[in-house]
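Participant: Okay, sequence plus prediction incoming.
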Amino acid sequence: MSSIEPVWGRYSPRPLIHGLPVLILDAGYLPWESYDEPAGDQGYTGPDSPAWRVLGHQPAALLGGVVGLLIGTLHPVVLRGTLEHTELERDPLGRLARTAGFVRATTYAAGPVSDQVIEVVNRMHVPVSGTINGRDYNAADPDLITWVHVTIWGGFLDGYQRLSGRALAPDDVDRYWADIAPIGEKLGGTAVPRNRAAVEAYWHTVRGELAESAADRAAARAEAAWILHEVGSWHGTVARDGARRVGELFARFGRPVSATVAALSRFPIWYCANILLRVIVGMLPGWAAAELGITPRRWLDAPARLITRVVFFVYDRAAGDPEHVLRARRRCRRQPTTETTESAAA
């Protein structure tokens, strides 16, 4: 009996589906990302951790990451340091891509690789310093590191909880914060929250320090507007490149068919990208939206979130695990070699 080729065979849409988050961010894997060695190393969190589930849903984590980036602008010291020492203003999505690379590595890579990544970031923080409102700041300040940790990882979690259709149970949310707390601590953060109650207490305490002056609020609003502008600007890019990739799935049927499919798919892809912007705005907490001068439109945001959840449901079934997650799982399942065991013992 001849074998039957799977429905999609070598024309599987999975490369396209996994490629969209990377296409949106305009960046692939970073040089420091390695997921294959050493064999048997479970990394900081391990395959059964909630963090693997949250970061494994790339589109939901991506949108949540943008929300975390927006909330992060509300801290005047973090915003000033970021604007003066990073490319946030010139390339906000590129910065999010690099942050996502760090988060991927510390979530899925082996312990020694994650240690090396954190060491690199810590060295980068040392020379980043300045003055704002008469106060000296340094990127290695434990309070600032904790702020970035909570906003970014909290953004990823919020995106997953709202959009994946498979929200974590309350106990798993506590595990999520407990699993990732050592990452913030290794970066130099202090009093890093380890459960939902601690996160709530943190927000209650820190909100009094945010955007203290009119100038701080104006700066935060201007930066948030710029980030949203940049997010909006990739509608056309996503539509064009996404449509081209869809067309390539039908290349075997000839150029006329491929070109027609690409043309027909361009508007639906553009429309979905436009919806994502509404979802990002709708996920902002009310207090953060007010501070940033953003007025949510609930009558638009709720339907946009519903449509996105349906699209992500299809994504979940069609895409499976991203490549770096598959590689990390294979590493965790492999038995350590004698050399690896002796090296770890030493």
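Facilitator: That came through fine. The shown structure was predicted, so the numbers you read here are calculated from the model rather than taken from an experiment. Numbering: from 1, shown residues only.
Participant: just the helices in the stretch 51-200 of the chain please.
Facilitator: Ranges of helices within the stretch 51-200 of the chain are 58-72, 76-85, 92-108, 111-125, 142-163, 170-186, 196-206, based on DSSP state H, counting those that start in this stretch.
Participant: what does the average pLDDT come to for the second one?
Facilitator: Yep, that's helix 76-85 we're talking about. Mean pLDDT, helix 76-85: 71.
Participant: Same question for the last one.
Facilitator: Confidence over helix 196-206, taken as the mean pLDDT, stands at 94.
Participant: who are the neighbours of that helix, in terms of helices and strands?
Facilitator: helix 142-163, helix 170-186 (3 or more C-beta pairs under 8 Å, 6 or more residues apart in numbering; DSSP states H and E). The way it works is simple: take the backbone N, C-alpha and C, and place the C-beta from them, glycine included.
Participant: Please spell out which residues along that helix are buried.
Facilitator: Using 16 or more other C-beta atoms under 10 Å as the test for burial, helix 196-206 gives 198-199, 202-203, 206.
Participant: And the residues you listed, which two are furthest apart?
Facilitator: Greatest spatial distance in the buried residues of helix 196-206: 198 and 206, 12.1 Å, computed using C-beta to C-beta.
Participant: Name the residues contacting each of those two.
Facilitator: Common contacts of residue 198 and residue 206 (C-beta atoms under 8 Å, 6 or more residues apart in numbering): none found.
Participant: sorry, back to before: with respect to residue 327, which of the helices of the stretch 51-200 of the chain lies nearest?
Facilitator: The nearest among the helices of the stretch 51-200 of the chain, by C-beta to C-beta, is helix 92-108 at 8.1 Å.
Participant: How far away from the center of its chain is that closest one?
Facilitator: Helix 92-108 has its C-alpha centroid displaced from the chain centroid by 6 Å (C-alpha atoms, centre = their mean, to the nearest Å).
Participant: go on, stretch 178-188?
Facilitator: Put simply, stretch 178-188 sits 17 Å off its chain's centre (C-alpha atoms, centre = their mean).
Participant: Ok, stretch 52-71 next?
Facilitator: The answer for stretch 52-71 is 4 Å, by C-alpha atoms, centre = their mean.
Participant: just to revisit the earlier point, and residue 262, which of the helices and strands packed on helix 196-206 is closest to it?
Facilitator: The closest of these to residue 262 is helix 142-163. By C-beta to C-beta, the value is 27.1 Å.
Participant: circling back to that earlier point, let me have the helices of the stretch 51-200 of the chain in a markdown table, adding distance to residue 262 as columns.
Facilitator: Shown next, in a markdown table, are those (distance: least, C-beta to C-beta, whole Å):
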| stretch | distance to residue 262 |
| --- | --- |
| helix 58-72 | 21 |
| helix 76-85 | 38 |
| helix 92-108 | 24 |
| helix 111-125 | 38 |
| helix 142-163 | 27 |
| helix 170-186 | 40 |
| helix 196-206 | 44 |
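Participant: tell me the most buried of those helices?
Facilitator: Greatest average neighbour count among those goes to helix 58-72 (a mean of 26), per mean count of other C-beta atoms under 10 Å.
Participant: could you give me the average pLDDT of it?
Facilitator: For helix 58-72, the mean per-residue pLDDT is 86.
Participant: quick one on the thing from earlier: right, and the helices and strands packed on helix 196-206 - which one's nearest residue 263?
Facilitator: Closest to residue 263 of those, according to C-beta to C-beta: helix 142-163, at 28.9 Å.
Participant: Which strands and helices lie in contact with that closest one?
Facilitator: Helix 142-163 packs on helix 50-56, helix 58-72, helix 76-85, helix 92-108, helix 170-186, helix 196-206, helix 255-283, helix 298-319, going by 3+ C-beta pairs under 8 Å, 6+ apart.
Participant: quick check: mean pLDDT across the helix or strand encompassing residue 287?
Facilitator: For residue 287, the element it lies in under DSSP states H and E is helix 286-291. Average pLDDT, helix 286-291: 84.
Participant: Could you do stretch 218-231 as well?
Facilitator: 66.
Participant: What of stretch 256-276?
Facilitator: Stretch 256-276 comes out at a mean pLDDT of 74.
Participant: And for stretch 156-167?
Facilitator: 91.
Participant: so who does residue 33 touch?
Facilitator: Contacts here follow C-beta under 8 Å, 6+ apart; on that basis residue 33 touches 101, 104-105, 109, 324.
Participant: would CSV of those with distance to residue 277 and pLDDT be doable?
Facilitator: As requested, those are arranged in CSV below (distance: C-beta to C-beta, whole Å; pLDDT from 0 to 100):
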residue, distance to residue 277, pLDDT
101, 23, 81
104, 24, 88
105, 28, 89
109, 31, 92
324, 27, 85
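Participant: Return the closest of these with respect to residue 120.
Facilitator: Using C-beta to C-beta, residue 105 comes nearest to residue 120 of the contacts of residue 33, at 10.0 Å.
Participant: and residue 99, how far is that from residue 304?
Facilitator: To residue 304, residue 99 is 24 Å away according to C-beta to C-beta, to the nearest Å.
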